[in-house]
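**Q** Here is a sequence with its predicted model. Questions after.
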Amino acid sequence: MTSIHPLTAAINELRTIFTAMGFSVGEGPELETTWYNFDALNVPKDHPARDMQDTFYVDKERTKVLRTHTSNMQVRWMETHTPPIRLIVPGKVYRNEATDMTHEAQFYQIEGLVVDTDVSLAHLKGTLAECFGKFFGGAVEIRLRPSFFPFTEPSVEVDMRLTGESAPVKLKDKWIEVMGAGMVHPNVLKNAGIDPVKYRGFAFGGGVERLCMLKWGIDDVRYFHNGDIRMTTQFNATNIEN
Amino acid sequence: MKIPYSQLQSYFNEQLPSVEEVARIFTFGAFEIESVDSCPDGDFVIDVKVLPNRASDCLSWIGIAREYAALANTPLKEDAFNLPVPRYETKGTHISITTDAVSLVPVHTLSYITGVQVKPSPAWLVTVLEKCGQRSINNVVDATNYVMLAYGQPTHAFDAQKLHVANDVRGIRIRSAVAGETMSILGGKAYTLDASMLVLADIHTNAVLDVAGVKGGAQAELTDATVDLVVSAAKFDPTSIRKTAQKLSLRTDASKRFENNIPFNLPFYGQKRVQDLIVELAGGTIVETIQVSGDQEIKKPVSVSAQTLTGVLGQAIPTDEIAAVLTRLELSPIVSDTITITPPWWRTDMLIPDDIIEEVGRVYGYDRIPATPLPEGRTIPERNVLRNAADAIRNILAQHDFVEIKTYSLVGSGEVTLANALTEDKNALRSNLSENMKDALKQNEYHAPTAGEYGMLKLFEIGKVFTATGEKTHVCIGVHPLSGKKREERANAELLTAKSMIESTLAIHVNHRIDASTLEFDLDLAVQGVDIPEQPLAVACATKYKPLALFPTALRDVAFWTPEGASSDQSMYRASIVSAGGQLLERCDLFDSFSKDGKHSFAFHLVFQSYEKTLTEEDLNPIMSAVYTALTDSGCTIR
């Protein structure tokens, strides 16, 4: 019986893929300070960039939030580790938005961070190609489009395209948006006590439910957290060959 | 930011390529395109997603056109922004302006225009505004909206006759509002202001005319009878405007631009454009224009080493190509081993070396960057004991038929509450997993057979809980007997057995909390000081998914004796049942078998599921008949 939740299965696959590339796995708090969730990531108070994510605040003074992204771990980890750094952070995040088939107030993201003396966007492309190729199976192309995040510069959106025979039929040959990414902004490195002249890094982040929905054809994101066992077991719900 | 394709074309002599190609050029060089909509007249409206980094200069048609010019290497037809900055008088004879705090109002320009005729706008203006989602009001108001869209500069026209005159002079004073002061807008709604908000006030009477950067008041609103105007174009402190708009719940196209820090010089150009356009549309004479401003800001050069730039982009780019790209972006590059740019007045976002790298990267083309693997052997993954412990527990539980669930962290009540919850039933963080688990046990009682579970529903969740003392990872096991006797005893035994298995497998001790159906413990605490290596998941990954059925399952049992001397292999009987069961049969599980007097008895649970309706007796009776027939035909006796 398949009794492991699809999110666990996906995160474990991703973990295996990245561990093989030398990445550590971090967790980080879900209930976070505004400092680590925003300010340390170059998202200052009273700046329009804060509007990019709808936030749940825990106190009226807005010093504590439910983390809006797993990026909160970037500065936490860098404060306690010296480069070279390779880290992924799979974890639950929260957005203060209405729920529907493709949106939930809580969901999982996977974050990646690489900091070293000689890291580039070429390495970002190569790392994500390796990740998605293994996760979805088959050959994969990666495409970058210009975007903006306060904590990266340059910032990109990442699309992938699966080709070849082992690509899932529904996804084959289509460009699909999967991640946001970029080179870590020097202010973020500085806030973590890392010299931005000596070191640079890239970071990426994306939704895990989305990857599950793409890989397994799950069509409603609300199934992931409503406690219905059929989400987990129905992969094996029938023991009859049809 | 909406721009009609025809409007974009108006900035170029050369014919633009198709709208699809234009969208593609933007998408891969600068901006995501939200949508391209067709208009009845054959035109298109391109909705450009302008993110905060370019909201200062590209919430405007000229900004977007300029980006296109750089990306497509097609020059702009004409460029008002490259003409010298218009300068106005610092004192006027008919109008006067004063600012209480230049730090909050770095630029204020005001013009006095007499003899205008306020009337409906010409068709071309109505059309372009409507294509951008703006309603046409009258020629003067439309002119201000046009300039806001074209340049990104909000401006405001006041009826000059509604300003108090003293010594022939009318004027505007920009000051802080007084706590409790109100301003009404057209339509009657009144806003209550406070001292943190900037207002434009009559220089003589001090009456509030306008919430600076946000909204104009009814006091000096234009009507068909308006003949003379004072027209204001200014720059305000971004944070002040943002906070004011938030407090008043009044976020406007104007406030959006101001909070994104419009360029210092923009009001000078905007003032010229709007007064020229007003006179073009409404007639009249520009009597005078005055300005008050802080010190002109000086654009600092920014540098990056060529080696860093090519290193970050991961590709060698010839210096002449770098220079060409930066020239197209009007960044006045000096390129050698060091690349130095001086941003033009309208770029407020070119501040650090990384900004230069992004400009070159996106215009040169991110597609040219080769996908390169990270070098090996640079790092060794750290052991994450908590994660490994969680995986070990998953393996143990899954191998004993426990099913993993994940439930909501946001619940109706808990020790930690939210300040801005969406709904009341989700305004706290869960302080334990057991409450959700009890709900899940109830909710899933009827789904258990679909998983082949008939005796006891067994679930678990591993996740975070939040209490006043902090955030912890908990494990919660839940059991619910579905059949049989002594349910409470069996449940309790099952919970404690599971806990023991976890303790012995991980060599840990667990302090747990237990009740009739759930057992919960703190995993953080349990694994302190323990080392647990990585655990590959012992269960296979799923490969297929079907949408969850919205209709309940239907359960039937069938029990029968085989003929005497028959094989004790149940599989052939099962095969007949499955065959007779048809499409609706989802599971067929043996739950009892014994032998007596040379005969065998088998009993199967049958789980039926329809994806279209709730199955009734009428649906199932014929199927069960078919099942019974199939068995009796092979000599069995139904019990």
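**A** That came in fine, so what should we check first? If you're wondering where the values come from, they're calculated on a predicted model, not measured in any experiment. Residues are numbered from 1 along each chain as shown, chains lettered A, B, ... in the order given.
**Q** any idea how far residue B:115 lies from residue B:158?
**A** Distance, residue B:115 to residue B:158, by CB to CB, to the nearest Å: 16 Å. Every C-beta, even on glycine, is put in place using the N, C-alpha and C of the backbone.
**Q** Between those two, point out the one with more neighbours.
**A** residue B:158 (26 against 13; other CB atoms under 10 Å in any protein chain shown).
**Q** so what's that one closest to, chain neighbours aside?
**A** Once flanking residues are discounted, residue B:158 sits nearest to residue B:220: 4.0 Å by CB to CB, 6 or more residues apart in numbering or on different chains.
**Q** got the contact list for residue A:139?
**A** Counting by CB atoms under 8 Å, 6 or more residues apart in numbering or on different chains, residue A:139 touches A:133, A:162-164, A:167.
**Q** Identify all residues paired with it through a beta bridge.
**A** Going by DSSP bridges, residue A:139 is paired in beta bridges with residue A:163.
**Q** Could you measure from it over to chain B?
**A** 12 Å (CB to the nearest CB, to the nearest Å).
**Q** coming back round to it: just name the closest of the contacts of residue A:139 to chain B, please.
**A** Distance ranking of those against chain B, using CB to the nearest CB, places residue A:133 first at 10.2 Å.
**Q** Doesn't the closest one belong to a helix?
**A** Yes: using DSSP: H, G, I helix; E, B strand; the rest coil, the assignment for residue A:133 is a helix.
**Q** quick one on the thing from earlier: before we move on, what SS does the residue nearest to residue B:158 have?
**A** coil.
**Q** State whether it and residue B:163 are indeed in contact, as I suppose.
**A** Yes: proximity of residue B:220 to residue B:163 meets the contact threshold set by CB atoms under 8 Å, at 6.3 Å.
**Q** Which neighbours do those two have in common?
**A** By CB under 8 Å, 6+ apart, the residues touching both residue B:220 and residue B:163 are B:202, B:209.
**Q** what about the residue nearest to residue B:407 when sequence neighbours are not counted, which helix or strand?
**A** The spatial neighbour of residue B:407 that comes closest, neighbours along the chain excluded (CB to CB, 6+ apart), is residue B:436 at 3.9 Å. Applying DSSP states H and E as the criterion places residue B:436 in helix B:434-444.
**Q** sorry, back to before: can you pick the most crowded of the contacts of residue A:139?
**A** Busiest of the contacts of residue A:139 [other CB under 10 Å] is residue A:162, holding 23 neighbours.
**Q** need the contact list for that one.
**A** By CB under 8 Å, 6+ apart, the contact list for residue A:162 reads A:132, A:136-140, A:168, A:171-174.
**Q** that older thread, neighbouring strands - and their directions - for whatever helix or strand comes next after the helix holding residue B:436?
**A** Proceeding N to C from helix B:434-444, the next assigned helix or strand is strand B:456-467, under DSSP H and E. Taking DSSP bridges as the criterion, strand B:456-467 forms sheet pairs with strand B:403-404 (parallel), strand B:470-481 (antiparallel).
**Q** Deepest-packed of these, please.
**A** strand B:403-404 (a mean of 26; mean count of other CB atoms under 10 Å in any protein chain shown).
**Q** For residue B:75, grab phi and psi.
**A** phi -70, psi 150 (degrees, to the nearest 10).
**Q** Confirm for me that it is in contact with residue B:69.
**A** Yes: the pair residue B:75 / residue B:69 is scored as a contact, 6.1 Å apart, by CB under 8 Å.
**Q** Show me whatever sits in contact with both of the two.
**A** Shared contacts of residue B:75 and residue B:69 (CB under 8 Å, 6+ apart): residue B:12.
**Q** okay, the two: which has more neighbours?
**A** With neighbours defined as other CB under 10 Å, residue B:75 and residue B:69 compare such that residue B:69 has more, 19 against 14.
**Q** What's the mean pLDDT across whichever strand or helix holds residue A:11?
**A** Using DSSP H and E, residue A:11 sits within helix A:6-19. Average pLDDT, helix A:6-19: 93.
**Q** so residue B:173 bridges to which residues?
**A** Beta-bridge pairing for residue B:173 (DSSP bridges): residue B:98, residue B:201.
**Q** Please verify my assumption that the residue nearest to residue B:407 contacts residue A:227.
**A** Yes: with contact defined as CB under 8 Å, residue B:436 counts as touching residue A:227 (6.5 Å).
**Q** what about these two, which has more around it?
**A** residue B:436 (25 against 22).
**Q** OK, contacts around that one?
**A** A:227, B:407-408, B:411, B:430, B:461.
**Q** ok, the residue nearest to residue B:133 when sequence neighbours are not counted - contacts?
**A** Using CB to CB, 6+ apart and skipping residues adjacent in sequence, the residue nearest residue B:133 is residue B:2, 6.2 Å away. By CB under 8 Å, 6+ apart, residue B:2 lies in contact with B:45-48, B:131-133.
**Q** among those, who's most crowded?
**A** Among the contacts of residue B:2, residue B:48 has the most neighbours (other CB under 10 Å), with 24 neighbours.
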